[in-house]
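Trainee: what follows is a predicted structure for the sequence shown.
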Amino acid sequence: MKGQAGHVVLAVAWIAIVAVLALGAAGIVATMAHQPGTAARPELTYAGDAAAEPGLESARKELDTLSGQVAQLSDLGRTALANLSAGNSDELDATVTEGQDLASTIEQHATAIRQQLETLPGLGPDQELTLSPGVRHRQQLSLQALDATNGLSAAWSRLAVSSAAASRITTLLTQHDTSTADAAAAGRREKYADALAKLDESDRLMAQSRAFKDTLANTVDVSTLTDWLDVNSAYDAALRHLYQALVDSKGKVTSAVRAAFDAEGKARKQLPADSKGLVIILAEIGRGGLNQAVITIEQARGDLDSAIGMIDAAGPASPTGSEAPGGSETPTAPAP
């Protein structure tokens, strides 16, 4: 009996020892379960966060500068529209050139910021072991903010092409009207050869206008412009036919001359009474390619500012509840 009682006591003692060991092991496992890169182990990513923070702060300041540049580009776009509507060709060309330079600067600036963010200390395949979630989140938000500037250079290029083509067409049509008027004046003086030469100039100007119209067709509705060109071309052709008939008849009024004269009168009635058609054309261009480019730039400006707001809302990336090792506060490891 004494021997059996001893065995029982020994067994109970071993069970107690095993239980204590098991509880201690569970505490160790629980402690080790807190992985780096989480709020549970901020002390393990403190050094990485501290190294990455200056780069994040610098990129944040550069984003403010980038936002200001995008806002300036938006202002230039609206100025280009105003200059086009007012017919200020020189001011329009200067604005477009300034915008092209600024759009290129924005693209280069965004590339530099992106490179800075993608080369922060601690990034790489093991970044979850070296950087806290807060730092990695702010880095991703900053990269997403840069995405707002994608396409700005292309948008300004469309604006530049549309504005340049519209400005050039306006100039060409003005020159065309002058040339055709000079042809009519020469015809009234019975200088038919001179009139035909002036109409050759009108045809050349009209061909150039149609080439620019085809360029605009890629971005805007050019139906009104096409109608304007067609009507003026038809009158040029009728006037040419009349003067050629007079040349052939040596100035005599023949049946061919009378038919040509009637055709010229009908074509003249189809001409616009004034230059309001040009105003409509410019309005179409403004509502089309130019306005769309300005809208794209303004949208990018809003997206960038919104993304910057999200970065600020995320706050600094200092580890929660900890300071530098040896500081006034140190994280306390969970007890086993």
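Mentor: Nice, I can see it. Numbering: from 1, shown residues only.

Trainee: right, and the helix or strand after the worst-scoring helix or strand of the chain on mean pLDDT?
Mentor: Ranking every helix and strand in the chain by mean pLDDT, DSSP states H and E puts helix 2-32 at the bottom, with a mean of 55. The C-terminal neighbour of helix 2-32 among helices and strands, as given by DSSP states H and E, is helix 42-86.

Trainee: mind listing what's buried in the helix or strand that contains residue 159?
Mentor: Assigned by DSSP H and E, residue 159 falls within helix 152-188. Neighbour counts over helix 152-188 (16 or more other CB atoms under 10 Å) mark 152-153, 155-156, 158-173, 175-177, 179-180, 182-184, 186-187 as buried. In short, each C-beta sits where N, CA and C put it, glycine included.

Trainee: how about stretch 222-236?
Mentor: Buried residues in stretch 222-236, counting neighbours by 16+ other CB under 10 Å, are found at 222, 225, 228, 229, 232, 233, 234, 235, 236.

Trainee: pull the distance from the helix or strand where the fourth one lies to the chain's centre.
Mentor: Put plainly, it is residue 229. For residue 229, the host element (DSSP H and E) is helix 223-248. Relative to its chain's centre, helix 223-248 lies at 42 Å (CA atoms, centre = their mean, to the nearest Å).

Trainee: what's that helix packed up against?
Mentor: Judged by 3 or more CB pairs under 8 Å, 6 or more residues apart in numbering; DSSP states H and E, helix 223-248 is in contact with helix 152-188, helix 192-216, helix 255-269, helix 276-285.

Trainee: quick revisit: what is the nearest of the buried residues of stretch 222-236 to residue 313?
Mentor: residue 222 (46.2 Å; CB to CB).

Trainee: phi, psi of that closest one?
Mentor: phi -110, psi 20 (degrees, to the nearest 10).

Trainee: thought it was touching residue 284?
Mentor: Yes - judged on CB atoms under 8 Å, residue 222 makes contact with residue 284 at a distance of 7.4 Å.

Trainee: now render the helices and strands packed on helix 223-248 as a markdown table, adding mean pLDDT and distance to residue 303.
Mentor: Converted to a markdown table, these look like this (pLDDT from 0 to 100; distance: least, CB to CB, whole Å):
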| stretch | mean pLDDT | distance to residue 303 |
| --- | --- | --- |
| helix 152-188 | 87 | 11 |
| helix 192-216 | 93 | 28 |
| helix 255-269 | 94 | 52 |
| helix 276-285 | 72 | 26 |
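
Trainee: wait, doesn't residue 168 sit right on residue 212?
Mentor: Yes - using CB under 8 Å, residue 168 is in contact with residue 212, at 5.2 Å.

Trainee: residue contacts, residue 107?
Mentor: Contact partners of residue 107, counting by CB atoms under 8 Å, 6 or more residues apart in numbering, are 149, 152, 153.
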